[in-house]
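Student: Predicted model and sequence follow; I will ask about them next.
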Amino acid sequence: MANSPSGDSMLDRLVRILDAFDQHTPSMSVLALARRAQIPTATMYRLLDEMVSHGLLSRGKDGQVTLGLRLWELANRSAATQDLRTAALPFMEDINQLLGQNTQLSMLHEDEVLIIERLSRPGSVVNQASVAGRMPVHRTSMGMALLAFSRPEAIHGFLERHRELMLATHPNFRAEMAEIRRNGFASMDGYIDEETTGVAAPILDLQGYALAVLSVVVPRGSATLPAAALALRTAARGISRALGYAAES
């Protein structure tokens, strides 16, 4: 694609525009979008018109810009997540009903936890996860379970990139990883919300490495924690089988 005077390609600019939106900023003015995407205002207006015409962005009567429905349509054609969601949803529904708490399906993507699906539950505890949102690995049971069951080279690479952060928050990192692998699940108290505990079990491939994790958040100190961990492990094995993998315990 043609480069701009600054040297970045058209694709670079389009990706920056889309990346400007997140769960905390789902809409913004054209000027704010131009600033966040680091694109000249005149260029931003021209690109906006083209992206709106293709359904990639939407512009309301108030002038606010949001992501377009076409992106949702394209994302839902992804075989990588669609097969996983299809296999996981029946088990997620069972967990959701059994434990009475919000239930999440997530993957490790670009050193963050990416939420693929979430089933809400009235009356459940505070839960910061949202579909298509990202959460930090080091502060979530989802992230720690995904990391513990990653390939050795992936764990090494992650630690090399985030060594100071991980050792500051998890000084016994290697012992924690070993314990999670031994137990078959991860649990973390109060890292995101002080009054809750996150519990996550990995969905494993044939080699015993994590494809994704299934997780819930329960009240901190809840007597249901052991039952939640057992239910998640059982459901995670069922999802692995549904995907054609003989998951290891």
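Tutor: Perfect, thanks for sending it.
Student: residue boundaries of the strands in this structure?
Tutor: Taking DSSP state E, the strands of the chain run over residues 27-28, 57-59, 65-67, 103-109, 112-119, 134-135, 186-189, 196-204, 210-219.
Student: what residues does the worst-scoring helix or strand of the chain on mean pLDDT touch?
Tutor: Lowest on mean pLDDT, DSSP states H and E among the helices and strands of the chain sits helix 69-75, with a mean of 83. When contacts are defined by C-beta atoms under 8 Å, 6 or more residues apart in numbering, helix 69-75 is touched by residues 18, 54-56, 58, 81, 132. Yep, even glycine has a C-beta here, placed from its N, CA and C like the rest.
Student: Helices along the chain, start to end?
Tutor: For the chain, helices defined by DSSP state H occupy the ranges 10-19, 30-37, 41-53, 69-75, 79-99, 141-148, 152-161, 163-169, 173-183, 225-242.
Student: hey, least reliable of the ones you listed by pLDDT?
Tutor: The weakest mean pLDDT among those belongs to helix 69-75, with a mean of 83.
Student: Now do the most centrally placed residue in the chain against residue 136, distance only.
Tutor: Centroid-nearest residue in the chain: residue 114, 1.4 Å away (criterion: C-alpha atoms, centre = their mean). From residue 114 across to residue 136, the span is 12 Å (C-beta to C-beta, to the nearest Å).
Student: Check residue 149 too.
Tutor: For residue 149, the distance to residue 136 - C-beta to C-beta - is 18 Å.
Student: Looking at those two, which is more packed in?
Tutor: residue 149 (26 against 16; other C-beta atoms under 10 Å).
Student: For that one, which residues are in contact?
Tutor: Contact partners of residue 149, counting by C-beta under 8 Å, 6+ apart, are 180-181, 202, 204, 208-210.
Student: With mean pLDDT as extra columns, can I get the strands of the chain in a markdown table?
Tutor: Converted to a markdown table, the strands of the chain look like this (pLDDT from 0 to 100):
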| stretch | mean pLDDT |
| --- | --- |
| strand 27-28 | 96 |
| strand 57-59 | 95 |
| strand 65-67 | 95 |
| strand 103-109 | 95 |
| strand 112-119 | 93 |
| strand 134-135 | 90 |
| strand 186-189 | 94 |
| strand 196-204 | 96 |
| strand 210-219 | 95 |
